[in-house]
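Novice: Fold the following and give me the result.
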Amino acid sequence: MRHQDRYLQISRILSRHGLGYFIDALGLERWVRTDWDLFGRPRERERHTRAEHVRLVMEELGPTAVKIGQILSTRPDLLSPAFQRELEKLQDSASPVPWEVVRSAVEEELGADPEELFVHFSREPLASASIGQAHTAVREDGTQVVVKVRRPGVVEEVEGDLEILRTLAVQASRRWSVAADYDVVGLATDFADTLRAELDYLSEGHNAERFARNFDGDPDIRVPRVYWETTTSRVITLERLHGVKISDEAGLAEHGIDRSALAARATRLLADMVFEHGFFHADPHPGNFLIEPSGRIGLLDYGMVGEVDERSREHLAMLLAAFDRRDPARIAAAFATIGVTEHRVDRVRLTTDCAHLLQTYEGLPLGRIKVGDIVRDVLEILRRHRLALPRNLALVVKMIVMTEGLGASLDPDFQLGRILGPYARRLVRRHFDPVVLAKRVRQAGVDVAQLGVELPGQLGRLLDVLDRDGISVSLRTDELDPVVARLERIGNRLVVGLVVSAGIGALATLGSTDPERLKPHETKVVAVGGAALAALTGYLGWTARGHRRRR
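Specialist: Residues are numbered from 1 along each chain as shown. Have a look, this model is predicted:
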C-alpha cells in the first residue's frame, strides 16, 4: 500500500493525543492498536484541551500538516473560536537549509552561482520556513532584494501528504455524517489548491504585480517589485522593503507616525481590496506590514490571496441589504443561498436564529458594536445549521476579523464599522442599480434560452442510456396529469417573467442612457407599466385558480 509508513505515523500520533475517534472516522483503525477508552481517549495522556491536542498533532506531523492547519485557521465558518485561536499559533518555521543546498538550487534554476548573479548574496538566511528560505542580496544596480528559494524535495513531500489527505477525506465522508455535510472532500481539494499555489513562486510574483497595478498611484501603500529575470517557480526575487513592524509601538513613535491615522489607512487599503478591486491579501497579520519612515505601508507575502467575483459580490449585497432591512427571513434566505451544505436546511429554525441575532444588537449605539462580534455570532449560526461558506467568502470573513484586531491594537477607539459602512452601502447600491439589474435579467434570459436548447439533447441521451441498459419505465397517465398541469403553469409564468424582465431591462437601459428622452413620458410609462403588470398578475392568478378548480 502506498504511504503505509505515513499512515502508521498519523495513526500513532492521533492515538497518543487522545483523538481516537478521528482514527475510526478516517478508517485508520488497522494501523494502530486500540489503547483508548470508549470516549476516544487514551488511558494516560498529558492534560491539554482538545484544540491544543489538534495543534500538537499537526506540529508533530510536519510541514504539510502545519500549512494545512494554518489554512484551516482561515476558515472561521468551520471551526469554533477555541480551535481557530489554537491553530493560529502554528508557526511555519523549520531548520535552515545548508548553504551548499541553497547554492545548488539557485544555480539549477537560474543557471549561475548566486554569488555571481548578485553583487552580494547573504549565506545566512533571513528567515527559514517549511516551504522556502529567504536570503538578502544586492543587485548590480545596488538595489537591495530578498531572494526566496524553495526547499528541495518539498513538492514531492507535500504531494504525498495531499494524496493521503484526499484519501482520508473520502473515508471520513463515508463514515461521518458531519464530514459529508461539510463536503470535506471538496475542502481537501481547496486546501490542496491553496498549498500548491504557495509552492509556486511564479504565482506569488503575479499576485504581487496585480496588487501593484490595483494600487498604482496610491501614496499609502508600497508593493515590492518583482525581478522576473531572477524568478522561477522555485526562486523569487523581490525588492526589499525597509521599515518598522506595525506592532512596534516604539518604532512608530520614533518616526512620529500617528497610530490612529495608520489604523484608518490600513483598514481603507484592505477594504479597497475586497469591495473595489475584488482581489485581496488573505493573511493580513501584523508581521506582513512594514511601516516606512514616511508612514507608507509596505505589504509583504503574496502567497495567500482571495478573490471576490461578481457572484460573491451579489451574495454579499443580498446579505447586507437583508441586515439593513432588519428582515430575519431575508437574512436566512441569504444564508441558505450562500452556504454550502449537503443536508436540508431548516428554514424556520434558521429564520428564528436570525431574529435572535437582530434582537441581540437592536438599539445598541455603533460605538458599542464590534464587527468581529457580529461576524462570530453569524458564524455560530452557520455552524449550527452545518452551512459552510465558499472559500473566498470565508477568507473575506477572516480578513475582516483580523483587520478589526489590527485596528484595535493601534487605536483603542477604533471602529471598523465606520470605515466599512460606506463600502457596504456602495455595494448594495450597485446591486440594485437599474443598469446592473437589466444586465442580470438579460443574462437570466440567455440562461433560460440555453437550457431550452440543451434540455432535449440531454433528455435524448438519458433515454438512450435507459434503452441501452434495458430499463423499462411504466407511467400512469392519470398520475402525470398534475405534473403536466404544473409544467404548463411554470411555462406560462416563465414566459410572463421573461416579458416583464425584458420590459424592465429596456426601461432601465433607456433611463440610464437617455433620461431626458424618457422624462416627458414618465406618467404615461408608469401608468401603462402598472396596467400591464396588473394584467399579468391577474393572468397568473387566473391560471393558478383554474389549476386548483381542475384538481
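Novice: Give me the domain ranges for the chain.
Specialist: 307-431, 434-550 (automatic domain parsing).
Novice: all strands of this protein, in order?
Specialist: Assigned by DSSP state E, the strands in the chain fall at 120-121, 127-128, 132-138, 144-150, 221-222, 235-239, 244-245, 279-281, 289-291, 297-299, 305-307.
Novice: okay, those in TSV with distance to E229, mean neighbour count and mean pLDDT next?
Specialist: C-beta coordinates here come from the backbone N, C-alpha and C atoms, glycine included. As requested, the strands of the chain are exported to TSV (distance: least, C-beta to C-beta, whole Å; neighbours: other C-beta atoms under 10 Å; pLDDT from 0 to 100):
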stretch	distance to E229	mean neighbour count	mean pLDDT
strand 120-121	15	16	97
strand 127-128	23	15	89
strand 132-138	13	20	96
strand 144-150	11	21	97
strand 221-222	21	20	96
strand 235-239	8	23	98
strand 244-245	30	16	94
strand 279-281	25	21	94
strand 289-291	25	22	95
strand 297-299	23	21	96
strand 305-307	24	20	92
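Novice: I'd like those as JSON lines, with distance to W176 appended.
Specialist: Listed next are these as JSON lines, based on distance: least, C-beta to C-beta, whole Å:
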{"stretch": "strand 120-121", "distance to W176": "50"}
{"stretch": "strand 127-128", "distance to W176": "37"}
{"stretch": "strand 132-138", "distance to W176": "35"}
{"stretch": "strand 144-150", "distance to W176": "35"}
{"stretch": "strand 221-222", "distance to W176": "44"}
{"stretch": "strand 235-239", "distance to W176": "40"}
{"stretch": "strand 244-245", "distance to W176": "42"}
{"stretch": "strand 279-281", "distance to W176": "33"}
{"stretch": "strand 289-291", "distance to W176": "40"}
{"stretch": "strand 297-299", "distance to W176": "40"}
{"stretch": "strand 305-307", "distance to W176": "28"}
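Novice: related to what we said a few turns ago, mean pLDDT lowest for which of the domains of the chain?
Specialist: Across the domains of the chain, domain 434-550 has the smallest mean pLDDT, namely a mean of 57.
Novice: Identify the residues contacting the residue nearest to G186 when sequence neighbours are not counted.
Specialist: Computed as C-beta to C-beta, 6 or more residues apart in numbering, the closest residue to G186 that is not its neighbour in sequence is V340, at 7.8 Å. By C-beta atoms under 8 Å, 6 or more residues apart in numbering, the residues touching V340 are Y182, D183, G186, L387, A388, L389, P390.
Novice: what would those look like in CSV with neighbour count?
Specialist: CSV is the format used below for those (neighbours: other C-beta atoms under 10 Å):
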residue, neighbour count
Y182, 24
D183, 17
G186, 15
L387, 21
A388, 23
L389, 24
P390, 17
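Novice: farthest-separated two in those residues?
Specialist: G186 and L387 (13.9 Å; C-beta to C-beta).
Novice: between the strands of the chain, which gets nearest to L90?
Specialist: L90 lies closest to strand 127-128 among the strands of the chain, at 15.6 Å (C-beta to C-beta).
Novice: Go ahead and name everything in contact with the closest one.
Specialist: Here strand 127-128 makes contact (C-beta under 8 Å, 6+ apart) with S93, A94, S95, P96, V97, Q133, A134.
Novice: so how far is A321 from the residue nearest to G186?
Specialist: V340 is 21 Å from A321, where distance means C-beta to C-beta, to the nearest Å.
Novice: Then N214?
Specialist: For N214 relative to A321 (C-beta to C-beta), the value is 26 Å.
Novice: if we can go back for a sec, which two from the contacts of strand 127-128 end up farthest apart in space?
Specialist: Farthest apart among the contacts of strand 127-128 by C-beta to C-beta are S95 and A134. That separation is 14.5 Å.
Novice: Am I right that P63 is in contact with S130?
Specialist: Yes: assessed by C-beta atoms under 8 Å, P63 is found in contact with S130 at 3.2 Å.
Novice: Looking at these two now, which is surrounded by more residues?
Specialist: When P63 and S130 are compared for neighbours, S130 comes out ahead with 21 against 18, by other C-beta atoms under 10 Å.
Novice: Look up how far L79 lies from that one.
Specialist: On the measure of C-beta to C-beta, S130 and L79 end up 21 Å apart.
Novice: what do you get for D181?
Specialist: If you go by C-beta to C-beta, the gap between D181 and L79 works out to 15 Å.
Novice: Just the pLDDT for the closest residue to H48 other than its chain neighbours.
Specialist: Distances taken as C-beta to C-beta, 6+ apart place L56 nearest to H48, at 6.9 Å, with adjacent residues excluded. With respect to pLDDT, L56 scores 84.
Novice: A329 reaches T351, doesn't it?
Specialist: Yes: with contact defined as C-beta under 8 Å, A329 and T351 form a contacting pair (5.3 Å).
Novice: and the two? which has more neighbours close in?
Specialist: Legend: neighbour count by other C-beta under 10 Å for A329 and T351, higher for T351 (19 against 15).
Novice: Give me the nearest residue to that one, chain neighbours excluded.
Specialist: A332 (4.2 Å).
Novice: Now do the one you found: how many residues are near it, please.
Specialist: 24.
Novice: residue contacts, it?
Specialist: R347, L350, T351, D353, C354.
Novice: circling back: of the strands of the chain, which is nearest Q171?
Specialist: Closest among the strands of the chain, once you apply C-beta to C-beta, is strand 305-307, at 29.2 Å.
Novice: Can you list the strands that that closest one pairs with?
Specialist: Sheet pairing here is set by DSSP bridges, and for strand 305-307 it gives strand 279-281 (antiparallel).
Novice: Could you tell me the average pLDDT over stretch 254-269, please?
Specialist: On average, stretch 254-269 scores 95.
Novice: Alright, I will stop here.
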